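Predicted model follows, preceded by the sequence.
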Amino acid sequence: MDAPDGVVSPAGADVVVIGAGMTGVACAYYAARAGLTVTVVDRGGVAAGTTGAGEGNILVSDKPPGPELTLARHSGELWRELADAVDGTLFELEHKGGVVVATAPDEYDALRAFASNQREAGVEAYEVAAEDLGDYEPHLAPDLAGGMHYPQDMQVQPMLAAAHLLRAARVTVLTGTTVVGLPRDAAGAILGVQTDRGLLPTRLVVNAAGVWAGEVAALAGVALPILPRRGFVLVTEPLPALIRHKVYAADYVANVGRGSADLQVSPVVEGTRSGPVLIGSTRERVGFDPTFSLRALRGLAAGAVRLFPVLASASTIRAYRGFRPYSPDHLPMIGADPRVPGLHHAAGHEGAGIGLAPATGHAVAALLTGRPPHVDLRPFAPERHDVHL
């Protein structure tokens, strides 16, 4: 029930987080742990957007040395802490590791060079000769050139993770509530969050709206160049224990970093605790077009069978699609917005949002409470693509 005069919460909150996906949930969780009162608002439901359409990747294997890998390594540590604090079995956190495979000798050489650079940045990466790949994945195609084992890669059930961490945070959650404005005072600082149910008074706002983060930023008169990048996932019938690790082709890393709007398909195959095998990954910039692409789905199936011929006889029970929040330089936008006092951003993670969410939330909570973040946020500065509306 709305409070008098259209104010949802007369007392307000220390901080309002816009977005109940994994990133917003992590921001809320760590802000609450830091002693702030938090309200989370989402026009849909918890994990109803990109989070609910993801595979739950927590990866270091796909990131070259640099700021994103630093963020990912910290996030991996935090995921392990969260599994102890909240009970990781509730959200199916699996320390399964990853295996990246090369289909040709030159691809294997490039993969080994890539891993060598990662090791210098603290990543565990172990070469696997072609004849030894079967020890890791017995059903892999026999003609692969070799691979790399990444024991630090993990997987989580993202919807369960968001729900359980939000419950553990003990914050106020307003779902089915649309943000329509960000009132500001005469100096331009945030005064609150205007929703279709009334006003949420606050001086601190975290924009964790994922693919809609640009729309939220525009309400404050600033631009974030975040665009939707559509992706599909195939789901097979239950095939218990068929695939042990997260397995993907070496060209997946290159496709993540490409800026092309055209369809890109790289096989990514992994089992789940409940049995079905998840098959990704596609990327294309087509706006918010919800159409299911037969070309993309066929590409996924062909890529998966190339790596695991045994899947040729498996039945696909469904497919789903989501929209990843794409950033032009492939780095998320994390931190305080100097253009609008009180406004913070935590968006633009594209397909890495689940994995990077804890480190993002941890850093944002530090800023909200006046502490230095654990990770250098300068490479993620929201204003680096400064465009005034």
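Good, I have the coordinates.

contacts, neighbours, all on C-alpha from now
Will do.

surely Met148 meets Glu107?
No: using C-alpha atoms under 8 Å, Met148 makes no contact with Glu107, being 11.7 Å away.

Look at these two and report which has more neighbours.
Using other C-alpha atoms under 10 Å as the criterion, Met148 and Glu107 rank with Met148 on top: 24 against 18.

and the more buried one, what element?
Element membership for Met148, per DSSP states H and E: strand 146-150.

counting contacts, what elements does the helix or strand that that strand is followed by pack onto?
Downstream of strand 146-150, the next assigned helix or strand under DSSP H and E is strand 154-155. Taking 3 or more C-alpha pairs under 8 Å, 6 or more residues apart in numbering; DSSP states H and E as contact, the helices and strands that strand 154-155 lies on are strand 57-58.

which residues of the stretch 201-350 of the chain fall in helices?
Under the criterion DSSP state H, counting those that start in this stretch, helices of the stretch 201-350 of the chain are mapped to 213-219, 251-257, 294-307.

show me where pLDDT drops low in this structure?
Counting by pLDDT under 70, the chain contains low-confidence ranges at 1-11, 254-259, 387-389.

Now do the domain split for it, please.
Residue ranges for the domains of the chain, per automatic domain parsing: 4-53+159-225+330-385, 98-151+227-326.

any chance of these in a markdown table, plus distance to Gly66?
Converted to a markdown table, those look like this (distance: least, C-alpha to C-alpha, whole Å):
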| stretch | distance to Gly66 |
| --- | --- |
| domain 4-53+159-225+330-385 | 9 |
| domain 98-151+227-326 | 8 |
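
Most tightly packed of those?
With neighbours defined as mean count of other C-alpha atoms under 10 Å, the domains of the chain peak in mean count at domain 4-53+159-225+330-385, which reaches a mean of 21.

and that domain, how far out from the chain's middle?
With C-alpha atoms, centre = their mean, to the nearest Å as the basis, domain 4-53+159-225+330-385 stands 15 Å off its chain's centre.

Equivalent analysis for stretch 147-158, please.
14 Å.

Equivalent analysis for stretch 68-78, please.
Worked out by C-alpha atoms, centre = their mean, stretch 68-78 lies 12 Å from the chain centre.

Give me the nearest residue to Val277, chain neighbours excluded.
Nearest non-adjacent residue to Val277, counting by C-alpha to C-alpha, 6 or more residues apart in numbering: Gly271, 4.4 Å away.

Contact partners for the one you found?
239-246, 277-278 (C-alpha atoms under 8 Å, 6 or more residues apart in numbering).

Check Gly299 too.
Val265.

What distance do you get for it to Pro142?
Using C-alpha to C-alpha, to the nearest Å, we find Gly299 at a distance of 21 Å from Pro142.

again with Asp62
23 Å.

just to revisit the earlier point, could you list the paired strands of the strand holding Met148 along with their orientation?
Neighbouring strands of strand 146-150 in its sheet, by DSSP bridges, are strand 98-102 (antiparallel), strand 126-129 (antiparallel).

As TSV, those strands with distance to Phe323 would be great.
Output for the strands paired with strand 146-150, formatted as TSV (distance: least, C-alpha to C-alpha, whole Å):
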stretch	distance to Phe323
strand 98-102	24
strand 126-129	33
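
Figure out which of these is closest to Arg167.
Closest approach to Arg167 among these is made by strand 98-102 (29.8 Å; C-alpha to C-alpha).

Just want the angle from the helix or strand that that closest one is followed by to strand 146-150.
Going down the chain from strand 98-102, the next helix or strand is helix 105-120, by DSSP H and E. Angle, helix 105-120 to strand 146-150, by axes from the mean of the first three to the mean of the last three C-alpha atoms, to 10 degrees: 20 degrees.
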